[in-house]
Structures are given as C-alpha cells and as structure tokens.
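**Student:** fold the following for me, if possible:
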Amino acid sequence: MADRLTLICLACLASVPAYALDLQDAWQLMQLQGPIYRAAVHERDAGLESRALGRAGLLPQLNASASKSRVDGTQEQDNPLGNSVESDLNYDSENMAVQLRQPLFNRQKLAEYRQGKQRADYSEAVFDAKTQNVAVRLASRYFDVLLTRETIDLANAKLKAFEQQVAAAQRRFDLGDGTITDVDQATARRDLALAELIEAQDNLLIALRLLQEMLGEVPEHVATLRNDFPTPALQPNNLQAWLSQAQANNPTLRAKHYSQGVAEEEVKRANSGHWPTLDLVLGYTDSQSDSISTIDQQNRYASAGVEFNMPLFSGGAVSAQVRQAVASREQAGEELNATREEVFSATTREFRGVQSGQARIRALQQAVMSTERAQDSAKKGFLAGSSTNVDILNAEEQVFIARRDLLEAKLRYLLARLQLAAAVGLLGDDDINQANTYLGPELVLGF
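**Tutor:** Next up, the predicted model:
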C-alpha cells in the first residue's frame, strides 16, 4: 500500500498518472498532502499539549536570577576632629539567587490540571470529527467529478442523437414527406442539448477545482462506477440501533461532552479564588557587595519554608468570575443538548437516505429499461405513422434523463452510507474501502 501511495504522488507530480485514481487512493493522498487534513492534524497536536500545560501547574517551579553592576561614587564622613573627609567608592556588586516553589495546596491549579486533560480529550474528539467530515467531503467531491464527467458523455450522446434527428427531419422536409415544424422542433432540441453540454463542461471544471482543494493535485484519470451495483441491506437494519451508536460514538457529541467538562472545571477554578494557597519555597542566594556598608563582603545563605496566601477581598472580581463561569457552563450544557438533537436528525436522515436509495436505484434501473423500450416503440411507431417526430424527441430525452438520474442515485447511495457511518462516529478506512469496491473502470477527465 505504501509503494502504491508513493507511485500516486510521483504520478501526480509528473501530471501523468500511471493509472486511474480511485477513492481509496484519493483518501491516502489527501492524508499525505491535503492542506485541509494536515491543518486538522496540527490543530490536534496543538490541543494535546493542554494535558502537559495543565500538569505543569502542579509541578515544581524553579527560577534563577543573577545580576552584576558597577558602583562608582564618593563617601563623605566626619573624622574625630570634626572635619569632613571624602573617599572614593568603586566596586562591583554581584547577586545570584535560585528559588524552587512547589504548590502544596492550590485548588485553582488542580482545576486547571483537570481542564488540561479535558481539553486534550476535546482536541482528539474534534480531530476525529474533522477527519470523518473531511472523508465525507472528499467522497462527495470525488463523486461530483464522476457525475459531471459522465454527464458530459451523456450530453454528447444526446446532442449527436438530436443532430441526427435534425438531419432526418430536414431530409424528409426536402423530400416532401416532413414539415418545417418537425425541422424546427428537432433543431430546438439540438440547441438545448448543446447548451446542456456547455453547462456540463463548466460543472466539471468547477468539480475538479474543488477536488484539488482536498488533494493538492488534479488527477487526469479516475475510477468510475462498475456496471454491477449491489445494494445490501443495512446492518443493523434498525434506526434505534443506529441512534444508540450515534449517542455513544459520535465525535462531535463527545467533543461537546468534554467542552461541558471544561466549563464545569472553570466554575471550580473561579470558586478557588476564595480559597487560600500553600506553597513550599526553597531558596539559595549568593551575593557580594550588596550595599555601601558591605563593600567586598560576600553573603551565602539558603532558606526553606512554607508560604501561605489568603485572599480577603478583590473588589468583587472573584464572585463575578464565578457567575460568568456558571453561565458558560449552562451554555455548554444547552449546546450539548442541541448537538445531540442535530446528530440524531442527521443519523435519521442518512439512515432513510440509504434505505430510500436502494429503492430509488431499483426504480431507476427499471426506468432506464422502460424509456429505452419507449424510444424503440416511438421510432417504430413513426415509421408506421402512429407516432410523430415530437414523440421520438421526447422519448430520447427521457432516456438520457433516466440514465443520468440512475448514475446520480448510485452516487448518492454510496455517499449516504458514508454519511451514516460518520453520523454514528464509525467512519474509517474500511468504509472508504467498501465504497471503493464499487469503482473500477478508468474515466479520462479531459473532454
């Protein structure tokens, strides 16, 4: 797999892919160099440091300071005779101190420590959510490329069919068997088909640009859908089971739980502003010529003790911070409830999307065969005199519409399965690989 990924990267850099890029290759390539995914990785790595930052407040704090200064001055003093005597003072003053402080009791630091763990877990959950979201977005943009490219082929076939109808109607008119109305109707359909082709070409360029945002490269060949398209039933085939999985595993929901935990600890941290702190303080000082009266003297001493601080009044700031933290905690709780409802709605929507997608694909497969038979019947009826030229044009139009709708339904079905897995927080490489099994034939993106 690693060798194949290397080949993909080399092919993209050379702009001459050796083989068609499929969904699995695109997923691996995006993880390797996609800017959106890489940004999420760095965001996760930054968030994980919150655990170390929270723990640091409970560990010893060691500080060192040093200074050196030059003293130039004069000293005046009276001698025993009462005369003023002046003398020069020129010396160096040096000072060095080391202090170690270890918190013994500090509720604020304990709350920050618990917050650090919650924030790190929050970052992991957010990364999981973004990873699954970006996987769905990648699949959606990949499928958009397939749909727009296949639409160009259908539009080309449709245009050629209508051009043949224009030529046939013109011949019949020249021979006196047709009318100018038949020629005009066929010409109008051809012109509309040409406009649809131009629109489809524009849509492909846009779809490719959006895919490039995810991959950092533009592929020239991609794998498109296979002819066989199985639609197995969901396992489990029960909505409540999927909702239970979403409740337990959805990463966005987990992130909101951690966010609520951080808000709860913030209330405790704010409350700790009313509590005393107790620190163990160890120090060592080495100084020379600290003052005029101690010229050329050295002092070395160590100290050990405990420091007690008791806040008495801060102008009401602590109480205001507590009220603010409580309001933020309530906000986090309501956001958690709202997110839970959104996740349940998304899970229900995608569950129904997969189920209805199965039925829609079967119906459209039948519709394609029915429209093709209707097209043949219209052509035979025209020769027999029971159908008109408009009937043929309408029948051909319905064939192309049914084929495009079937292709779109298949892609929507695959995307719905990925979105359902993401809604319950279980979208992973195995889901990408399963969707990738539906792809195979090479599709050239140029037109």
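**Student:** quick one, grab the pLDDT at Ser15.
**Tutor:** Model confidence at Ser15, given as pLDDT, is 40.
**Student:** pLDDT below threshold where in the stretch 1-150 of the chain?
**Tutor:** 1-19, 82 (pLDDT under 70).
**Student:** whoops, I mixed them up, the stretch 301-447 of the chain
**Tutor:** In the stretch 301-447 of the chain, residues with pLDDT under 70: 385-387, 389, 447.
**Student:** let's see 50
**Tutor:** In the prediction, the stretch 301-447 of the chain carries no residues with pLDDT under 50.
**Student:** mind listing the strands for it?
**Tutor:** 439-444 (DSSP state E, counting those that start in this stretch).
**Student:** and what of the stretch 1-150 of the chain?
**Tutor:** Using DSSP E, counting those that start in this stretch, the strands of the stretch 1-150 of the chain run over residues 61-78, 84-105.
**Student:** highest mean neighbour count out of those?
**Tutor:** strand 84-105 (a mean of 13; mean count of other C-beta atoms under 10 Å). C-beta here means a position set from N, CA and C on the backbone, and glycine is covered the same way.
**Student:** relative to strand 61-78, how tilted is that one?
**Tutor:** 160 degrees (axes from the mean of the first three to the mean of the last three C-alpha atoms, to 10 degrees).
**Student:** which ones are touching the residue nearest to Gln321 when sequence neighbours are not counted?
**Tutor:** Among residues not flanking Gln321 along the chain, Ala270 sits closest, at 4.2 Å (C-beta to C-beta, 6 or more residues apart in numbering). Contacts for Ala270 (C-beta atoms under 8 Å, 6 or more residues apart in numbering) come out as 318, 321-322, 324-325.
**Student:** helix or strand for Ala270, which one?
**Tutor:** helix 251-271 (DSSP states H and E).
**Student:** next structured bit after that helix?
**Tutor:** Going down the chain from helix 251-271, the next helix or strand is strand 277-288, by DSSP H and E.
**Student:** picking up where we left off before, relative to Thr347, which of the strands of the stretch 1-150 of the chain is closest?
**Tutor:** Among the strands of the stretch 1-150 of the chain, the nearest to Thr347 by C-beta to C-beta is strand 84-105 (45.6 Å).
**Student:** which residue is nearest the middle of the protein?
**Tutor:** Lys130 (3.2 Å; C-alpha atoms, centre = their mean).
**Student:** so what's the nearest residue to it once chain neighbours are set aside up against?
**Tutor:** Leaving out its chain neighbours, the residue that sits closest to Lys130 by C-beta to C-beta, 6+ apart is Ala40, at 4.4 Å. Contacts for Ala40 (C-beta under 8 Å, 6+ apart) come out as 127, 130-131, 134.
**Student:** re the thing from before, okay, the strands of the stretch 1-150 of the chain in a markdown table with distance to Pro441 next?
**Tutor:** Converted to a markdown table, those look like this (distance: least, C-beta to C-beta, whole Å):
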| stretch | distance to Pro441 |
| --- | --- |
| strand 61-78 | 65 |
| strand 84-105 | 66 |
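**Student:** which one of those lies nearest to Arg340?
**Tutor:** Closest among the strands of the stretch 1-150 of the chain, using C-beta to C-beta: strand 84-105, at 37.9 Å.
**Student:** and the helix or strand harbouring Gln185, what's buried?
**Tutor:** Assigned by DSSP H and E, Gln185 falls within helix 180-215. Within helix 180-215, the residues scored as buried using 16 or more other C-beta atoms under 10 Å are 182-183, 185-187, 189-190, 193, 196-197, 200-201, 203-204, 207-208, 211, 214-215.
**Student:** immediately after it, which helix or strand?
**Tutor:** strand 221-225.
**Student:** residues making contact with that next one?
**Tutor:** 17, 19-23, 142, 145-146, 149-150, 407, 410-411, 436, 438-445.
**Student:** nearest to Glu335, of the strands of the stretch 1-150 of the chain?
**Tutor:** strand 84-105 (32.8 Å).
**Student:** so how far is stretch 306-317 from its chain's centroid?
**Tutor:** 44 Å (C-alpha atoms, centre = their mean, to the nearest Å).
**Student:** between the two ends of it, how far is it?
**Tutor:** 27 Å (C-alpha to C-alpha, to the nearest Å).
**Student:** now that stretch: buried residues?
**Tutor:** In stretch 306-317, counting by 16+ other C-beta under 10 Å, buried: nothing.
**Student:** try stretch 35-49
**Tutor:** In stretch 35-49, counting by 16+ other C-beta under 10 Å, buried: 36-37, 40, 44, 47.
**Student:** give me the contact list for stretch 431-438.
**Tutor:** By C-beta under 8 Å, 6+ apart, the surrounding residues in contact with stretch 431-438 are 22-24, 27, 135, 139, 223, 225-226, 229, 410, 414, 417-418, 421.
**Student:** around the residue nearest to Leu104 when sequence neighbours are not counted, count how many other residues there are.
**Tutor:** Nearest residue to Leu104, sequence neighbours excluded (C-beta to C-beta, 6+ apart): Leu278, at 4.4 Å. Number of residues near Leu278 (other C-beta atoms under 10 Å) recorded here: 13.
**Student:** residue contacts, Leu278?
**Tutor:** 103-106, 306-309 are the contacts of Leu278 under C-beta under 8 Å, 6+ apart.
**Student:** distance of the residue nearest to Lys130 relative to Met310?
**Tutor:** 45 Å (C-beta to C-beta, to the nearest Å).
**Student:** go on, Arg360?
**Tutor:** Counting by C-beta to C-beta, the gap from Arg360 to Met310 is 71 Å.
**Student:** a markdown table for the contacts of Ala270, including distance to Ala263 and neighbour count?
**Tutor:** Below are these laid out as a markdown table (distance: C-beta to C-beta, whole Å; neighbours: other C-beta atoms under 10 Å):
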| residue | distance to Ala263 | neighbour count |
| --- | --- | --- |
| Val318 | 17 | 17 |
| Gln321 | 13 | 17 |
| Val322 | 13 | 19 |
| Gln324 | 11 | 13 |
| Ala325 | 7 | 19 |
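**Student:** which of the contacts of strand 221-225 count as buried?
**Tutor:** 17, 20-23, 142, 145-146, 149-150, 407, 410-411, 436, 438-439, 443, 445.
**Student:** mark which of these are part of helices, please.
**Tutor:** Residues of the buried ones among the contacts of strand 221-225 located in helices (DSSP state H): 23, 142, 145-146, 149-150, 407, 410-411, 436.
**Student:** using JSON lines, lay out these together with distance to Asp429.
**Tutor:** Formatted as JSON lines, these follow (distance: C-beta to C-beta, whole Å):
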{"residue": "Leu23", "distance to Asp429": "11"}
{"residue": "Tyr142", "distance to Asp429": "16"}
{"residue": "Val145", "distance to Asp429": "21"}
{"residue": "Leu146", "distance to Asp429": "21"}
{"residue": "Arg149", "distance to Asp429": "26"}
{"residue": "Glu150", "distance to Asp429": "26"}
{"residue": "Leu407", "distance to Asp429": "26"}
{"residue": "Lys410", "distance to Asp429": "22"}
{"residue": "Leu411", "distance to Asp429": "20"}
{"residue": "Asn436", "distance to Asp429": "10"}
